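Novice: based on what follows, work out the 3D shape:
(chains A, B and C)
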Amino acid sequence: MTRNLKSALFSALLVWAVAYPVLGLKLTIVGINIEVHNTSTFTLSVIAICSLLMFVRVFFNQQLTSAWKSSPSLPKVPAKATNFLTLPSTQRWIILGLVVVALIWPFYGSRGAVDIATLILIYVMLGLGLNIVVGLAGLLDLGYVGFYAVGAYTYALLAHYFGLSFWICLPLAGLMAATFGFLLGFPVLRLRGDYLAIVTLGFGEIIRLFLRNLTDITGGPNGISNIPKPTLFGLSFDRTAAEGMQTFHEYFGIAYNSINKVIFLYLIALVLVLLVLFVINRLLRMPIGRAWEALREDEIACRALGLNPTVIKLSAFTLGATFAGFAGSFFAARQGLVTPESFTFLESAIILAIVVLGGMGSQLGVILAAVVMILLPEMMREFSEYRMLLFGALMVLMMIWRPQGLLPMQRPHLELRK
Amino acid sequence: MSRELLKVSGLSMRFGGLLAVNGVALTVKEKQVVSMIGPNGAGKTTVFNCLTGFYKPSAGSILLDGEAIEGLPGHEIARKGVVRTFQNVRLFKDMTAVENLLIAQHRHLNTNFLAGLFKTPSFRKSEREALDYAAYWLDKVNLTEFANRPAGTLAYGQQRRLEIARCMMTRPRILMLDEPAAGLNPKETEDLKALISVLRNEHNATVLLIEHDMKLVMSISDHIVVINQGTPLADGTPEQIRDNPEVIKAYLGEA
Amino acid sequence: MPDIYHFFQMLVNGLNVGSTYALIAIGYTMVYGIIGMINFAHGEVYMIGSYIAFIAIAGLTMMGLDSVPLLLTAAFIASIVVTSAYGYSIERVAYRPLRGSNRLIPLISAIGMSIFLQNTVLLAQDSKDKSIPNLIPGGFTFGPGGASEVIVSYMQIVVFVVTFLAMLGLTLFISRSRMGRACRACAEDMKMANLLGINTNNVIALTFVIGAALAAVAAVLISVQYGVINPNAGFLVGLKAFTAAVLGGIGSIPGAMLGGLVLGVAEAFGADIFGDQYKDVVAFGLLVLVLLFRPTGILGRPEIEKV
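Specialist: Now for the predicted structure:
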């Protein structure tokens, strides 16, 4: 009993030691000095209550666990339903249904909603790309945003200096990001997994530092603005066309409406996402896709079977980078402006959170998670400053309670011929 | 007079100050079953790791059908036809049994990216054949009904059989089994023995075996190599080994 | 010969920054040595340590106490106590429940923890830089003057002395004490240590606590020296310290010390050659080069893969 009491007291004190100095005291700037003040008594009482709860939880640990076990468990989602939802075929049908809905609704939706949906689609693209690297091949890439930045700046720079159009730059951006992925991956992928995480993290930062410091080329912290929007076979969606160009509304003889541009961008994003989905779905049923997953499971066994781990990792890494490059160039086109601050580590963390939340390796999961992650903060504007805090907490809690993600996918069923 | 498929001589492996393997020599002829035995910690698995390229041997030569393979990376040695199982079974646990077998056939598949993307007829054909070959071997090792079960959920003996089948998918020239009978019950060991005989007699497999189960070793080996404390102690036919006083001493201690 | 003086000035500045990197790097290397994982939230622990130091200093100053030794001692004690609590809590929340699962999973939970902690401080203490005046002004000057001199500030001497003492203490603890021996045993073979009756959970928690305490020491030194703190500082410093740990050979404590110093000096000279804004690029470039040519670091032992 004394041992229980001791550890309970320790835990209660721990809550104070962790919470009070950071939450209970606040540094404020007064003139040229800083002063410390107590925050509200409310905060203090919250800490006190937490500490008390912690005490009770540790002190009555055994009683609580046994009570927890004996209490009737909540009605859970029936096993049949989960089984049905995680079947690959079900998920494919759901994705197909989503695609149909996604094609139709923007013509009835509001301008703002379509705009947010476009943003969500960018994150779906990024999530699907990173899912190849992290979810399938099991390589923790924390610098994914670096490839996104490469794609965005490829389009921005080519448009700015050479006046190239979006449709020419899109494949070039993918190619450029792939090249970066290849050059980075080639030396680094021979290393152990944890090193990879840190080196990619450093890589993402280096890209951003270069973009910010090469002011003559990239415009430094101000970035590059006035990036042209995509055109439909040369038809612009602006109110008035540039020299030698025609606008969409003039060509079709309809009244100018700015929502057309938004819907057009949305549809491009949708097509890009569909392309990525198609490629990934095929890859999963190809030798290389299976090799990625095998590598995630057991690298040593892969080597013993004659699979070259470096080549397999490199292919996953490069392909993931390519998709980030596509997403980046589209992002630049949509925003019309790129700055280095759009490509911080936080962005990588959000993309990673989408992959993790969705269920590593599952495409429907990634789509769902991207919707949740982008839509929720948009809907709760007043809580927007708590967004990152919640992201962080969510990542920890997901790993503890449901490391397989919201909607994992079962293995495909292969029919054998008799 | 069959060919010498694998010829190892003077093989040594040093870890820092420890000489784990010292001057081991062995020869495996085509269609033979050769066993390597010795007390625990004698260095048998280290020899395996050197042969399959997981370790770079400190000295010695390894000839596969006359070609030197020592020091090559593991995946290249595997591609040359030296394929192994592991003492503690290394399957792709979250993937199904049949997927495990498909992965091992990567060398015999259409890996063209565009072919796979557009599902060309040649791609479909090669996938179909791979699936048929996997089905054939699943049947051989009695796992057909578990084809779509995650490999990690199979019973231990089934996992061992699946690992052997997975090796056979690569069409190996020499199959190396690291204690395949460890953890199996007597019935499963009998099945394993039958399986190894089938591999040799019907599929022309050449087998190099590490095993502690003497009954199994003595009944299926053509040749036995004994290692003690990293050094070769004896080698010969099962009868010769059984009567060798040195071997008896190493296993039972001083009489 | 102004070049010689410039060289030595760079060296002193580099060693100054490097010794703080070394202190933080030890936290990474100890945790890695024992559980084989990167403590991703370590940089945030450092950042929290710097806030606690400022809170202690500002609090005492408001009470009218302004003796510098007292302020520093209070900052060290407060910071070490609080960050130790954080180190312990991080292990309990983000690592212990996940022990034995896939390697990626604790790493992701630690990243989540890092984001969570950073934003907690951001919300509780706002995002503005907080600054205090220089507590220990002045220093020694060597050389004839003008461009030809080397200045070693008193603060830099404090940094060197405190770092040296902290490392000495750690070395003695690891090599002499019972708990230190348990740490080394766990680093060799966790399962075996557990079988021999060592409480491995306690040892793992202890490494997180020691790492956090040393990060606090570094945090006090750096924040008092530069006089500015910010909730976003943990990320970059953590990344640098990790680089130092890899540079020296991750898992090796002397390696982390050496790696920190090497990184600090390389950064000082790199910034001198390529310009200050490329300082971080130099550090990461070095990391990539080391991983390419000597993945085990300067003092690391080559790992033997267990097949």
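Novice: how close does B:Ile196 get to chain A?
Specialist: 19 Å (Cβ to the nearest Cβ, to the nearest Å). Backbone N, C-alpha and C define where each C-beta goes, glycine included.
Novice: per-residue confidence for that residue?
Specialist: At B:Ile196, the model reports a pLDDT of 91.
Novice: SS state for it?
Specialist: Classification of B:Ile196 by DSSP: H, G, I helix; E, B strand; the rest coil places it in helix.
Novice: which non-adjacent residue is nearest it?
Specialist: Excluding the flanking residues, the one nearest B:Ile196 by Cβ to Cβ, 6 or more residues apart in numbering or on different chains is B:Ile220, at 5.7 Å.
Novice: that neighbour contacts B:Lys193, doesn't it?
Specialist: Yes - when contacts are counted by Cβ atoms under 8 Å, B:Ile220 is listed as touching B:Lys193 (6.0 Å).
Novice: quick one: end-to-end distance for stretch A:102-109.
Specialist: Across stretch A:102-109, the terminal residues are separated by 11 Å (Cα to Cα, to the nearest Å).
Novice: which parts of that stretch are buried?
Specialist: Of all the residues in stretch A:102-109, those buried under the rule 16 or more other Cβ atoms under 10 Å in any protein chain shown are A:Ala102, A:Pro106, A:Gly109.
Novice: now secondary structure and pLDDT too, for those residues, in CSV please.
Specialist: Listed next are the buried residues of stretch A:102-109 as CSV, based on DSSP: H, G, I helix; E, B strand; the rest coil; pLDDT from 0 to 100:
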residue, secondary structure, pLDDT
A:Ala102, helix, 82
A:Pro106, helix, 80
A:Gly109, coil, 78
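Novice: out of these, which are close to chain B?
Specialist: With Cβ under 8 Å from any Cβ of the partner chain as the criterion, the buried residues of stretch A:102-109 include none near chain B.
Novice: which single one of these is nearest to chain C?
Specialist: Closest to chain C out of the buried residues of stretch A:102-109 is A:Ala102 (29.0 Å), distances taken as Cβ to the nearest Cβ.
Novice: which residues does residue 16 contact?
Specialist: This is for chain A. Each residue near A:Trp16 by Cβ atoms under 8 Å, 6 or more residues apart in numbering or on different chains is listed here: A:Ile47, A:Ser51.
Novice: ah, no, chain C please
Specialist: With contacts defined as Cβ under 8 Å, 6+ apart, C:Asn16 is in contact with C:Gln156, C:Val159, C:Phe160, C:Gln225, C:Gly264.
Novice: list the buried residues of whatever helix or strand the last one lives in.
Specialist: With secondary structure defined by DSSP states H and E, C:Gly264 is part of helix C:253-274. Using 16+ other Cβ under 10 Å as the test for burial, helix C:253-274 gives C:253-272.
Novice: host element of the spatially most central residue of chain A?
Specialist: Centroid-nearest residue in chain A: A:Ile351, 1.6 Å away (criterion: Cα atoms, centre = their mean). Per DSSP H and E: A:Ile351 is located in helix A:345-358.
Novice: once you drop chain neighbours, what's closest to C:Lys279?
Specialist: Of all residues not flanking C:Lys279 in the chain, C:Ala271 sits nearest, at 4.2 Å (Cβ to Cβ, 6+ apart).
Novice: count the residues that sit near B:Asn112.
Specialist: B:Asn112 has 15 neighbouring residues, counting by other Cβ atoms under 10 Å in any protein chain shown.
Novice: now swap in B:His75 and tell me
Specialist: 20.
Novice: now for the strand or helix carrying A:Ala152, which elements pack on it?
Specialist: Using DSSP H and E, A:Ala152 sits in helix A:144-162. Helix A:144-162 sits against helix A:111-130, helix A:166-188, helix A:193-213, helix A:215-218, strand A:224-225, helix A:309-335, strand A:337-338, helix A:345-358, with contacts defined as 3 or more Cβ pairs under 8 Å, 6 or more residues apart in numbering or on different chains; DSSP states H and E.
Novice: what residues of that helix count as buried?
Specialist: Neighbour-count burial for helix A:144-162, counted by 16+ other Cβ under 10 Å, picks out A:144-160.
Novice: and stretch C:208-223, by the same measure?
Specialist: For stretch C:208-223, burial by neighbour count (16+ other Cβ under 10 Å) applies to C:208-223.
Novice: helices or strands up against the helix ranked longest in chain B?
Specialist: The single longest helix within chain B, with elements called by DSSP state H, is helix B:121-140. With contacts defined as 3+ Cβ pairs under 8 Å, 6+ apart, the packing partners of helix B:121-140 are helix B:97-103, helix B:113-117, helix B:156-169.
Novice: quick one: which of those is nearest A:Asn257?
Specialist: Nearest to A:Asn257, of all those, is helix B:113-117, at 37.9 Å by Cβ to Cβ.
Novice: contacts for that closest one, please.
Specialist: Contacts of helix B:113-117 from elsewhere in the structure, counted by Cβ under 8 Å, 6+ apart, are A:Val279, A:Arg282, A:Leu283, A:Arg285, A:Met286, A:Pro287, A:Ile288, B:Asn110, B:Thr120, B:Ser122, B:Phe123.
Novice: try stretch C:265-272
Specialist: With contact meaning Cβ under 8 Å, 6+ apart, stretch C:265-272 is reached by C:10-11, C:13-15, C:17-18, C:240, C:278-279, C:282-283, C:286.
Novice: so the residue in the stretch 1-150 of chain A positioned nearest to chain C is in which element?
Specialist: The stretch 1-150 of chain A approaches chain C most closely through A:Ala17 (3.7 Å), counting by Cβ to the nearest Cβ. Using DSSP H and E, A:Ala17 sits in helix A:2-19.
Novice: now A:Leu27
Specialist: Following DSSP H and E, one finds A:Leu27 within strand A:25-30.
Novice: relative to C:Ser223, how far out is the residue of the stretch 1-150 of chain A closest to chain C?
Specialist: Going from A:Ala17 to C:Ser223 by Cβ to Cβ, to the nearest Å gives 20 Å.
Novice: same check, this time on A:Ile120
Specialist: According to Cβ to Cβ, A:Ile120 and C:Ser223 sit 41 Å apart.
Novice: for stretch A:160-172, measure first residue to last.
Specialist: Counting by Cα to Cα, you get 15 Å between the two ends of stretch A:160-172.
Novice: the residue nearest to the spatial centre of chain B - nearest residue in space that isn't next to it in sequence?
Specialist: Closest residue to the average C-alpha location of chain B: B:Met176 at 1.8 Å, with Cα atoms, centre = their mean. Spatial nearest neighbour of B:Met176, excluding adjacent residues (Cβ to Cβ, 6+ apart): B:Arg84 at 4.0 Å.
Novice: and the one you found, what's its pLDDT?
Specialist: We note a pLDDT of 93 for B:Arg84 in this prediction.
Novice: for it, what are its contacts?
Specialist: Counting by Cβ under 8 Å, 6+ apart, B:Arg84 touches A:Ala304, B:Phe48, B:Thr52, B:Cys167, B:Leu175, B:Met176, B:Leu177, B:Asp178.
Novice: which residue is the nearest non-sequential neighbour of C:Met247?
Specialist: Not Met; residue C:247 is Leu. C:Gly259 is the one closest to C:Leu247 (Cβ to Cβ, 6+ apart), at 3.7 Å.
Novice: got the CA coordinates for stretch C:160-167 in CSV?
Specialist: Extracted in CSV, the C-alpha atoms of stretch C:160-167 (Å, rounded to 0.1, in the frame of the first residue of the first chain):
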residue,chain,number,x,y,z
PHE,C,160,33.3,25.7,-21.0
VAL,C,161,33.6,25.2,-17.2
VAL,C,162,30.0,24.1,-16.7
THR,C,163,30.1,21.8,-19.8
PHE,C,164,33.3,20.2,-18.5
LEU,C,165,31.8,19.7,-15.1
ALA,C,166,28.6,18.2,-16.4
MET,C,167,30.5,15.8,-18.6
